[in-house]
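K.L.:
fold the stuff below for me.
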Amino acid sequence: MTQTTYIDEPGALASLCTDLLREPIVAVDVESNGLFAYTPRLCVVQIATPVAVFVIDSLKLDVAGLAEVFRDGPATIVHDLGFDARMLHRAGAPLCSVHDTALAASLLGRPATGLGSVLKSELGLTVDKSLQHADWAKRPLGERELAYLATDVVHLFRLWEVLSAEAEAKGITAELTEETRYRLAEAARPGEDDRPALARLKGVDRAKTADLPLLRALTEAREELARSLDVPAYKVVNADVLFAVAAERPTSLARLERIPGAHRGRGRALSRTFLELVQKTHPPLTAEELAAIHPPKLPEPERRERRAREDRLTGWRKAEAERREVSPQVVLPGHVLRRLSSRAPKTVHELADVDGLGAFRIERYGDALLSALAGPETP
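P.N.:
As a prediction, this is how the structure comes out:
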């Protein structure tokens, strides 16, 4: 059994950072309270060496000291780097040299890439994932929680060993490295959705224009309450309630209660506010607000050309993947395919400006990509 040590004192963390700098490779995972808070917080950082696991209480400690470890020390193994990298970057400890077991499994064509699934398929291990959606801001952390946190990192060394060996055997190491680099860079970019709350409502683009001013007011009221309660907005009332109130415009509590979910739980605190907002006249949306909901569309001829380029690239990618016996994402990741279709580069120099493509793909596929983008010659 690997020893697990709980770190909640600054001196212990400083000592750990010094020790970790001597390690060649570590495994890392993080947990937050994103399902329970309006603004998620980094709650726990788990770091494993081949012989020990350390659970760092990032609610009590500033983990920015780990930045030196990640920059100058060991390589890190993570499972699905996007979330972990974003949270650590915000905490002042950005990841640098990373191996991603989830991405490796995906590029190797595994149908399921969750940690539990991959540990089962690759190592024959069945692990407990019952705390996957736990509130990691709760304290104290008991033996069950610490054991669960250790499980998320302790097997990553063996898992990476197996997956990286297969990636090398299949000749996709360069593709795995480039996609890891791209995703790590994406995680370091500002990730907050800065659109107005109304524009972030799923399905708002299908709402009637006449309902939008009221819907904006209802949404802002929900956001204000969620912020004050420090809970995700959907845990106050879900979006369906907002759409229904904006469309039906109830003028009494009895009519509001007929809308499922409108007058129950935390939503009760908004019932009177909703009824008052229904009675008011709200200013129309600005041009900027409308553009956030209905982004301008390309002219139809240009849209057809873009779709045609995407179709040609997709067909070429499928054929090349079959020839190499690899996943289509190895040949050309979806985000790169879409970027190529949108920009339509015409030269190798312009291909080099497409982030995520990689110099090795340009060398290998440059002519084929430019040919597919250009399309059939006009007779």
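K.L.:
state the next helix or strand along the chain beyond the helix ranked longest in the chain.
P.N.:
Criterion DSSP state H: the longest helix present in the chain is helix 300-324. Counting by DSSP states H and E, the next helix or strand C-terminal to helix 300-324 is helix 328-331.
K.L.:
what residues sit buried inside that following helix?
P.N.:
If you call a residue buried by 16 or more other Cβ atoms under 10 Å, then helix 328-331 has these buried ones: 328, 329, 330, 331. C-beta: built from backbone N, CA, C; applies to glycine.
K.L.:
residues touching it, excluding its own?
P.N.:
By Cβ atoms under 8 Å, 6 or more residues apart in numbering, the surrounding residues in contact with helix 328-331 are 106, 107, 172, 175, 179, 317, 318, 320, 321, 324, 365.
K.L.:
grab the nearest non-local neighbour of the fourth one.
P.N.:
Setting aside the residues directly before and after it, residue 175 is nearest to residue 330 in space (Cβ to Cβ, 6 or more residues apart in numbering), at 4.8 Å.
K.L.:
re earlier: of the buried residues of helix 328-331, which is the nearest to residue 7?
P.N.:
Proximity of the buried residues of helix 328-331 to residue 7 (Cβ to Cβ) peaks at residue 329, which lies at 37.4 Å.
K.L.:
quick revisit: elements contacting the longest helix of the chain?
P.N.:
Taking 3 or more Cβ pairs under 8 Å, 6 or more residues apart in numbering; DSSP states H and E as contact, the helices and strands that helix 300-324 lies on are helix 328-331, helix 334-343, helix 359-374.
K.L.:
compare these and give me the one nearest residue 14.
P.N.:
When these are ranked by proximity to residue 14, the top entry is helix 334-343, at 39.2 Å, counting by Cβ to Cβ.
K.L.:
now the helix or strand following that closest one: average pLDDT?
P.N.:
Downstream of helix 334-343, the first helix or strand assigned by DSSP H and E is helix 348-351. Mean per-residue pLDDT for helix 348-351: 97.
K.L.:
for helix 348-351, packing partners?
P.N.:
helix 359-374.
K.L.:
residue contacts, residue 105?
P.N.:
Residue 105 touches 113, 118, 122, 163, counting by Cβ under 8 Å, 6+ apart.
K.L.:
in a markdown table: those, plus neighbour count, secondary structure and pLDDT.
P.N.:
Listed next are the contacts of residue 105 as a markdown table, based on neighbours: other Cβ atoms under 10 Å; DSSP: H, G, I helix; E, B strand; the rest coil; pLDDT from 0 to 100:
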| residue | neighbour count | secondary structure | pLDDT |
| --- | --- | --- | --- |
| 113 | 19 | coil | 97 |
| 118 | 25 | helix | 98 |
| 122 | 21 | helix | 98 |
| 163 | 23 | helix | 98 |
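K.L.:
which of those sits closest to residue 267?
P.N.:
Closest approach to residue 267 among the contacts of residue 105 (Cβ to Cβ): residue 113, at 36.1 Å.
K.L.:
thinking the closest one is in contact with residue 119, fair?
P.N.:
No - using Cβ atoms under 8 Å, residue 113 is not in contact with residue 119, being 11.0 Å away.
K.L.:
buried set for the longest helix of the chain?
P.N.:
Neighbour-count burial for helix 300-324 [16+ other Cβ under 10 Å]: 306, 309, 310, 312, 313, 314, 316, 317, 320, 321.
K.L.:
go on, stretch 102-111?
P.N.:
Residues of stretch 102-111 classed as buried by neighbour count (16+ other Cβ under 10 Å): 102, 103, 104, 105, 106, 107, 108, 110.
K.L.:
end-to-end on that stretch?
P.N.:
Counting by Cα to Cα, to the nearest Å, you get 11 Å between the two ends of stretch 102-111.
K.L.:
just stretch 73-85 next, same as before
P.N.:
Distance across stretch 73-85, first residue to last, is 16 Å (Cα to Cα).
K.L.:
then stretch 48-58?
P.N.:
End residues of stretch 48-58 are separated by 16 Å (Cα to Cα).
K.L.:
what does stretch 128-144 give?
P.N.:
10 Å.
K.L.:
which among the helices and strands packed on helix 300-324 is found nearest to residue 197?
P.N.:
Counting by Cβ to Cβ, residue 197 lies closest to helix 334-343 out of the helices and strands packed on helix 300-324; the figure is 26.6 Å.
K.L.:
dump the residue contacts of residue 20.
P.N.:
Applying Cβ under 8 Å, 6+ apart, the residues near residue 20 are 26, 47, 49, 69, 73, 74.
K.L.:
likewise residue 173?
P.N.:
Neighbour list for residue 173: 164, 167 [criterion: Cβ under 8 Å, 6+ apart].
K.L.:
give me the distance between it and residue 107.
P.N.:
Using Cβ to Cβ, to the nearest Å, one gets 10 Å for the distance from residue 173 to residue 107.
K.L.:
closest one of the buried residues of helix 300-324 to residue 131?
P.N.:
Of all the buried residues of helix 300-324, the one with the least separation from residue 131 (Cβ to Cβ) is residue 321, at 37.4 Å.
K.L.:
confidence score at that closest one?
P.N.:
On the pLDDT scale, residue 321 is placed at 98.
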